[in-house]
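> Next input, structure requested:
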Amino acid sequence: MLNNTSKIMFLSILMMGTMISISANSWLSAWMGLEINLLAFIPLMSDNKLMSTESSLKYFLTQALASSVLLFSVILHMLNSSNFNSYYLMEMMISFSLLLKMGSAPFHFWFPNVMEGLSWLNALILMTWQKIAPLMLISYIMIKPIIIMSIIISTMIGALMGLNQTSLRKLMAYSSINHLGWMLAAMYNSNLLWMVYFLFYSFLSFSTIFMFKMFEISHINQLFAVFFNYKILKFLMMFNLLSLGGLPPFIGFYPKWIVIQSLTMNNQFFLLTLMIVMTLITLYFYIRLTYSAFMLNYYENNWMYISNFNSMNMKIFMMFSFFSTFGLFLITSMYYMLL
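Residues are numbered from 1 along each chain as shown. Predicted structure coming up:
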């Protein structure tokens, strides 16, 4: 992707659009940044494949709908700034449009279908970078009933809908919806918390998708035989998946840990219990992947490309996997050393 100069240009414009949105001092300029971001991402999605063209069209239509609702709400907000009831209604409409933009439940319907047609690199951008601006904007107008509704539905949809998936892209999409619920819960109490959670989630998504991209894996059944000669890689890949699910010994548990602590201190026990139960379901389908890959070991021809064990990509993957697996031990050790 980065060998193509036009892709580099569109990637730069995409980043610039997000920066405009998060540094804007008015809703109109924030909307403008979101539009620049959208129009730069569409050419990146379209790589002359039927599925990617369909995904880019679906993405454009849903984002255009969200943008039009956002612009309509902002204009009405500016016209009726004196009326409190209309002011609250406009903020609700702005919240709904931003939830639709980032693919949070109950406005998640487009997200797994768009993910299914994208390359792994575009899927990573959609799961991480494209959520920064809507999350930052929604943190400005925190309407608590809407946020709580989205947290509950996002964690439930992300957990339950991921159970019957065989496509890894859709699995990652529903995992992303579940993590969005946790980010909104972190945002409910502190802006710093959701940023920390987002950084950890981006790191884990990058390490997992980097491995999927390197071995050209798209479906669950490809996981069984792809690492037949390299057992250590199979272990590292499964540790990455379990870390993304938030299993305690791995680094993916750390952001969930601080969100759990924050919700406990604010006495939001019902919300916390529901989120933990739903996260256990997401852990179930990650463990289902790892259990099958470890226990069902069979010989078959492997038609997928496996890069050299000593290549640079492999070294990068090993480094990310090391931090994903042992990062929690390193963080806690540094914390106690600084004390």
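
> Name the surrounding residues that touch the one helix or strand V114 maps to.
Following DSSP states H and E, one finds V114 within helix 111-116. For helix 111-116, the external contacting residues (Cβ atoms under 8 Å, 6 or more residues apart in numbering) are 51, 55, 58-59, 62, 103, 123, 126-127, 161, 167, 169-170, 172-174, 176-177. (Each C-beta comes from the backbone N, C-alpha and C, glycine too.)

> Go ahead and confirm K7 touches L44.
Yes: under the criterion of Cβ atoms under 8 Å, K7 makes contact with L44 at 6.3 Å.

> PyMOL command for the buried members of the contacts of helix 111-116?
Only the buried entries of the contacts of helix 111-116 go into this PyMOL selection, using 16 or more other Cβ atoms under 10 Å:
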select buried, resi 55+58+59+62+103+123+126+127+161+169+170+172+173+174+176+177
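
> How about the contacts made by F212?
W120, L168, S218.

> Does the nearest residue to M19 once chain neighbours are set aside fall in a helix, a strand, or a coil region?
Spatial nearest neighbour of M19, chain neighbours left out: G33 (7.3 Å); criterion: Cβ to Cβ, 6 or more residues apart in numbering. Three-state call for G33 (DSSP: H, G, I helix; E, B strand; the rest coil): helix.

> Surely G33 and S21 touch.
Yes: using Cβ under 8 Å, G33 is in contact with S21, at 3.2 Å.

> nearest to M90, of the contacts of F212?
Each of those was scored against M90 by Cβ to Cβ, and W120 proved nearest at 38.4 Å.

> Can you show me the helices along the stretch 1-150 of the chain?
With DSSP state H, counting those that start in this stretch, the ranges of helices along the stretch 1-150 of the chain come out as 5-22, 27-45, 50-79, 84-102, 111-116, 120-127, 132-138, 144-160.

> shaky segments in this structure?
1-3, 48-50, 81-85, 225-230, 292-310, 338-339 (pLDDT under 70).

> Could I get the contacting residues of I143?
Y88, E91, M92, S95.

> Now it. Its backbone dihedrals?
Dihedral pair for I143: phi -90, psi 110, per degrees, to the nearest 10.

> Tell me how many other residues crowd the closest residue to H77 other than its chain neighbours.
Of all residues not flanking H77 in the chain, M90 sits nearest, at 4.0 Å (Cβ to Cβ, 6+ apart). With neighbours defined by other Cβ atoms under 10 Å, the count for M90 comes to 23.
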